[in-house]
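[1] return a 3D structure for these sequence lines:
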Amino acid sequence: MSDKKSGFNVNDRSEITIPLRNLIALLIFVGVAITGYFSVTERITFLEHNAGMQKIHVDANSEFRVKWPRGELGALPDDAEQNMRLTHIEKQLEDMKKLFEDE
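    Residues are numbered from 1 along each chain as shown. A predicted model of the protein is given here:
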């Protein structure tokens, strides 16, 4: 075996030389990569927020769709007036039936 030293020695005094244009290109690449990362992260956060808001609206609409016809969420003033009129007419009809039956 030979005691030949390898041509690649690394220690605390090792120097690295890089051309200035490569260093600038590397810094620009890092800047673009960081900007891209934060843009993608921001877009994902925005889309997640929109999806959450849509889910809230869909759930509220679904609840409304089920409860409104049952009358669990109240009624419009026109519906209340119409119901009062129908009740009055039903009462009058019952009175007329009683009068007809009595004759």
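
[2] CA atoms for contacts and neighbours, from now on please.
    Noted.

[3] give me the number of residues near residue 67?
    The local packing of residue 67 (other C-alpha atoms under 10 Å) involves 13 other residues.

[4] distance from the chain centre to whichever strand or helix holds residue 67, please.
    Per DSSP states H and E: residue 67 is located in helix 20-70. Between the centre of helix 20-70 and the centre of its chain there are 9 Å (C-alpha atoms, centre = their mean, to the nearest Å).

[5] how far does the helix or strand just after that helix sit from its chain's centre?
    Tracing the chain past helix 20-70, the next element assigned as helix or strand by DSSP H and E is helix 77-102. Mean-position distance between helix 77-102 and its chain equals 49 Å (C-alpha atoms, centre = their mean).

[6] quick one on the thing from earlier: tell me the mean pLDDT over the helix holding residue 67?
    Throughout helix 20-70, pLDDT has a mean value of 93.

[7] next one: stretch 94-103
    Stretch 94-103 shows a mean pLDDT of 87.

[8] what does it rub up against?
    The contact list for stretch 94-103 (C-alpha atoms under 8 Å, 6 or more residues apart in numbering) is empty.

[9] just the CA trace of that stretch, in PDB.
    Provided in PDB are the C-alpha atoms of stretch 94-103 (Å, rounded to 0.1, in the frame of the first residue of the first chain):
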ATOM      1  CA  GLU A  94    -117.000  24.200  10.700                       C
ATOM      2  CA  ASP A  95    -119.800  26.600  11.900                       C
ATOM      3  CA  MET A  96    -121.600  26.200   8.600                       C
ATOM      4  CA  LYS A  97    -121.300  22.400   8.800                       C
ATOM      5  CA  LYS A  98    -122.800  22.500  12.300                       C
ATOM      6  CA  LEU A  99    -125.700  24.700  11.100                       C
ATOM      7  CA  PHE A 100    -126.300  22.400   8.100                       C
ATOM      8  CA  GLU A 101    -126.300  19.300  10.300                       C
ATOM      9  CA  ASP A 102    -128.700  20.900  12.800                       C
ATOM     10  CA  GLU A 103    -131.300  21.500  10.100                       C
END
